[in-house]
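[1] Task: produce atomic coordinates for the following.
(one chain, ligands or ions: 1)
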Amino acid sequence: MGEVALEACLPVPSHRPRHYEDLEENTPASLSGTKPLPLPQPFLDYLHRSGISPSIYLGVLPRYIRVKPTFEDKISSLEMELGCKISPVTWLHGFYMLPHDAQIASSVAYQAGEIYGMDVASGAAVQALGVQEGDHVLDLCAAPGAKLCMLAGQLGNNGTLTGVDIARHRLAACRTMLQKYGLGNSCRLFVADGTCFDLLPITQRTGSKDIMPSTNETVSEVFGEWCSRKTRRQKKREGRLQKEGDKIELLFYGNGSGVVGLTKNQLLANCSMLQRNHSADHYDKVLVDAECTHDGSLKHICKYEQWGWETLERRLLDPERMASITKLQLQLLTNGFRLLKTGGTLVYSTCSLTYDQNEGVLDKFLNLHYNAELVEITECNRAGWPCEDGKLPHTLRFNPSRSRTSGLFIAKIHKCQ
Ligand SMILES: C[S@@+](CC[C@H](N)C(=O)[O-])C[C@H]1O[C@@H](n2cnc3c(N)ncnc32)[C@H](O)[C@@H]1O
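    Okay, the predicted model is just below:
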């Protein structure tokens, strides 16, 4: 589905939703005149139980792009090509706002990898992490990769970026993005379960010089430069590695990621480092953009029209599914924090606006981790961000109808001694 107004793509209900009145009452003045949204009753009940007003889905959101710094002075040529107004987002550098129906995919800039579509609230989550050149950064739920690309851009050529996702096909899309935008040099991507992933960054201390190769490894098992076209030998080797029952698969690595020249055992030897508890070898920054019910995303809710509303009932409304998703979120957050070095920063975000998946998960996490502290997001013009306070100190919520962004929850955590 393209970028379409929600009202235009949702089915007309056979009955008047119970929370219709709530919807009318809560319609923001700036959006008045917009018809109430026809959502199925079970979903409205879910929103009601979760304390979310259905009014957040009213109105048509603009679309956003992030542009490479070198492209910023060429915005007028993109305006001419697309035939629409493109305005800079005043509160987050590098982001621009377009009409909701603007089609960027055929533009010269998109094809040349100068711009990509990314919601500006997602950009805020990345900005909150405060990445600096030289950092070792972990993105524990990386696919399909918009945030990973922004992280890679902020990192420059100094430091490393490790992306992890459990879904191979989604991580492959991430790899395509990194390559298209020329951002993969310092990155490595692993297909792995983020709840137990335990590879540390390849820093000088844990780099190839410190780790002795295993005696039964051959030269052919040393990682050479990654390329999209693989030789038959490489494919055979990868097949063999997977057959050996690896839980972790290295899907992509750039020349400056520290992987080139290592053997498989050297790379995986990083695992044992955690037991040694050298916190200094851990990641400086960790992003846990956790799997969630996506109920803050208008675009995502629209997709249920294609998938069928019964899919939504199965994915969002089933109590067992909800319990398993909050458990997964807590496990991802816990493991991300374990991989973070003392003094480091972690950002937890979801595109759900329910209490349970955000403050609820954090509450449980903070009760178990005396050395975790919620801290204020002070990055880049933060005072101008169009968000609201969450229900825990320093947490933020982007409410779509007020912020004109996709819905997002963001919390920033500091790892103390
Ligand atoms: C909200 S999406 C992440 C979006 C991504 N950060 C971006 O900006 O494009 C959540 C991701 O978590 C992944 N995921 C789900 N369970 C996981 C697990 N146990 N370990 C790692 N990733 C997981 C999903 O495959 C999905 O790609």
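[2] Now residue 292: which helix or strand?
    Using DSSP states H and E, no element contains residue 292; it sits outside every helix and strand.
[3] Give me the neighbour count for it.
    As a burial measure, residue 292 scores 24 neighbours (other Cβ atoms under 10 Å). No exception for glycine: its C-beta is placed from N, CA and C like everyone else's.
[4] Check the offset of the longest strand along the chain from the chain's centre.
    As assigned by DSSP state E, the longest strand anywhere in the chain is strand 340-350. What separates the centre of strand 340-350 from the centre of its chain is 14 Å, taken as Cα atoms, centre = their mean, to the nearest Å.
[5] nearest spatial neighbour of the residue of the stretch 151-300 of the chain found nearest the ligand, skipping sequence neighbours?
    Nearest to the ligand in the stretch 151-300 of the chain, going by Cβ to the nearest ligand atom, is residue 194, at a distance of 3.1 Å. Using Cβ to Cβ, 6 or more residues apart in numbering and skipping the chain neighbours, the partner closest in space to residue 194 is residue 140 (4.1 Å).
[6] ok, now how distant is that neighbour from residue 265?
    Look at residue 140 and residue 265: by Cβ to Cβ, to the nearest Å, they are 24 Å apart.
[7] Which one's more surrounded, these two?
    Each of residue 140 and residue 265 has its neighbours counted (other Cβ under 10 Å); residue 140 has more, 27 against 15.
[8] ok, the residue of the stretch 151-300 of the chain closest to the ligand touching residue 338?
    No: using Cβ atoms under 8 Å, residue 194 is not in contact with residue 338, being 11.2 Å away.
[9] Low-confidence ranges, the stretch 101-250 of the chain, go.
    The model of the stretch 101-250 of the chain has pLDDT under 70 over residues 204-220, 230-231, 233-246.
[10] So which bits of it are right by the ligand?
    Selection of the stretch 101-250 of the chain residues close to the ligand by Cβ under 6 Å from any ligand atom yields 122, 141-147, 164-167, 170, 193-195.
[11] if we go to 8 Å?
    118, 122, 139-148, 164-167, 170-171, 174, 192-195, 197 (Cβ under 8 Å from any ligand atom).
[12] List buried residues within those.
    118, 122, 139-148, 164-166, 171, 174, 192-195, 197 (16 or more other Cβ atoms under 10 Å).
[13] Is the residue nearest to residue 194 in contact with residue 334, as I believe?
    No: applying Cβ under 8 Å as the test, residue 140 and residue 334 come out as separate, 10.7 Å apart.
[14] and residue 315, how many neighbours?
    Neighbours of residue 315 under the rule other Cβ under 10 Å: 15.
[15] dump the residue contacts of it.
    Going by Cβ atoms under 8 Å, 6 or more residues apart in numbering, residue 315 touches 293, 321.
[16] ok, how many other residues are close to residue 405?
    Residue 405: 26 neighbours (other Cβ under 10 Å).
[17] Distance check, it against residue 296.
    Distance of residue 405 to residue 296, computed by Cβ to Cβ: 10 Å.
[18] before we move on, the earlier item: hang on, the residue of the stretch 151-300 of the chain closest to the ligand is in a helix, isn't it?
    No: assignment of residue 194 by DSSP: H, G, I helix; E, B strand; the rest coil gives coil, placing it outside any helix.
[19] For the residue nearest the centre of the chain, list each beta-bridge partner.
    Nearest to the geometric centre of the chain sits residue 289, at 4.5 Å (Cα atoms, centre = their mean). Under DSSP bridges, the beta-bridge partners of residue 289 are residue 349.
[20] List the contacts of it.
    122, 125, 139-142, 147, 347, 349-350.
[21] Select from the residues of the stretch 101-250 of the chain next to the ligand every entry located in helices.
    Judged by DSSP state H, those include 122, 146-148, 170-171, 174 as members of helices.
[22] ok, which pair from these is furthest apart?
    By the measure Cβ to Cβ, 122 and 171 form the most distant pair in these, at 17.6 Å.
[23] Who are the contact partners of the closest residue in space to residue 184 that isn't next to it in sequence?
    Using Cβ to Cβ, 6+ apart and skipping residues adjacent in sequence, the residue nearest residue 184 is residue 178, 3.6 Å away. Listed by Cβ under 8 Å, 6+ apart, the contact set of residue 178 reads 145, 148-149, 152, 184, 187, 189, 252, 254.
[24] for residue 178, helix, strand, or coil?
    Residue 178, by the three-state scheme (three-state DSSP), is helix.
[25] before we move on, back to that, just the buried residues from the contacts of residue 178, in PyMOL please.
    Those of the contacts of residue 178 that count as buried under 16+ other Cβ under 10 Å are selected in PyMOL with:
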select buried, resi 145+148+149+152+184+187+189+252+254
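[26] Any chance of the contacts of residue 178 in CSV with distance to residue 49 as columns?
    What follows is the contacts of residue 178, written out as CSV (distance: Cβ to Cβ, whole Å):
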residue, distance to residue 49
145, 33
148, 33
149, 36
152, 39
184, 43
187, 40
189, 37
252, 41
254, 45
